[in-house]
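1. Okay, predicted coordinates and the sequence, questions at the end:
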Amino acid sequence: MNKTGWLFLTFLACFQLVAQNRDSLHVNFKVNFDKLPLELSKEYATSNKDRVTITTFKCYVSNIEIYYADKTVFKEKNSYHLLDLENPNSCIIPITNKNDKIISKVSFNIGIDSLVNTAGALDGDLDPTKGMYWAWQSGYINMKMEGKSPSCNTEASGRKNEFQFHIGGYLQPYYAMRKKVISVNHNGDVTIAIDVSIFFAEIELSKTNSVMIPGKTAMELSDTMAKMFYLE
C-alpha cells in the first residue's frame, strides 16, 4: 500500500474513533488528591501531615453495569479496564450508545474477579506487560500505587523512603476485589472521582508502607480503596 493509502486509513480510523466518542455514553474516572486532579511526581500533604509524592497509580475496574430509572440494565461485555494515570485516555471509557434515559446508578468492581484470575494471563488491558500481574502467584493486582514519603522508614531495605502498595488477592479468605455501587440520577456521561487522599488518611506510612502480597493488610486496604470512589 502506498503512502496515500496509509494516510487515508489513518484518517478513517481517527474519524471512526471521534464518531464513537461523540455517540457513546462514557463512564469517566478522574484521579484526584483532595478533590483536585492528581499530578504524578508532585508533592502533596496528607491529612496525617505526611508528605507524599505519587509516581504510579494504576487500578482495574471491571463488570461495569448501567442501571436506568426505567428498571432496564446495560451490562458491558468483557468489561475489564486498566486505569493508568500516565495514560489519561485510559480513564475515559465508552460504554454504550447515548440515550435520553435517566441513569439511577452505576455498578462496577474494583479489581479482577477470581474467574479471570484463574484463567491465566490474558491480553488487552489484562496483558501481563501492563505491569499488573503477579507472575509468582498467577494473579492480578487490583490497584498499584507507588511513590515516596519522608515518613517511610525504608532506608535499611534500600528503598529510599519509597512506598509500594500492590493490592490484590483472589483466594479466600483474602479475596480483595470490591464491588462499588454509585447513585447517579441524571442522563449522559458519568464522572467518578478516585480520591487517593482518602487512602493516605487511613494509613500511617511510618508503620505501613509496603504491601506486596494478598493477606489481612491487603484486605483492610481494599476496604479503604473502595472509599476512594464517589460521584463527581
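-> Ah, there it is. Residues are numbered from 1 along each chain as shown.
2. contacts, neighbours, all on C-alpha from now
-> OK.
3. Check which helices and strands the helix or strand hosting residue 220 is in contact with.
-> Using DSSP states H and E, residue 220 maps to helix 216-227. The helices and strands touching helix 216-227, judged by 3 or more Cα pairs under 8 Å, 6 or more residues apart in numbering; DSSP states H and E, are strand 162-168, strand 174-175, strand 178-186, helix 196-201.
4. So residue 116 belongs to a helix, correct?
-> Yes - counting by DSSP: H, G, I helix; E, B strand; the rest coil, one finds residue 116 located in a helix.
5. Could you check how far it is from residue 35?
-> Using Cα to Cα, to the nearest Å, we find residue 116 at a distance of 33 Å from residue 35.
6. likewise residue 177?
-> Separation of residue 177 from residue 35 (Cα to Cα): 24 Å.
7. Give me the more crowded residue out of the two.
-> Taking other Cα atoms under 10 Å, residue 177 and residue 35 do not tie; residue 177 has more neighbours (27 against 15).
8. Can you give me the buried ones in stretch 160-170?
-> 161, 162, 163, 164, 165, 166, 167, 168, 169, 170 (16 or more other Cα atoms under 10 Å).
9. With just CA atoms, put that stretch into CSV.
-> Output in CSV follows, covering the C-alpha atoms of stretch 160-170 (Å, rounded to 0.1, in the frame of the first residue of the first chain):
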residue,chain,number,x,y,z
LYS,A,160,15.0,5.3,49.9
ASN,A,161,11.7,6.4,51.5
GLU,A,162,9.6,4.7,48.9
PHE,A,163,6.1,3.3,49.5
GLN,A,164,4.7,0.4,47.4
PHE,A,165,1.1,-0.7,47.6
HIS,A,166,0.2,-3.6,45.3
ILE,A,167,-3.2,-4.6,46.4
GLY,A,168,-4.8,-7.8,45.3
GLY,A,169,-5.7,-11.4,46.1
TYR,A,170,-8.5,-13.7,44.7
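10. so who does residue 83 touch?
-> Contacts of residue 83 were listed using Cα atoms under 8 Å, 6 or more residues apart in numbering, and they are 29, 58, 59, 60, 61, 90, 91.
11. Fine by me, we can end here.
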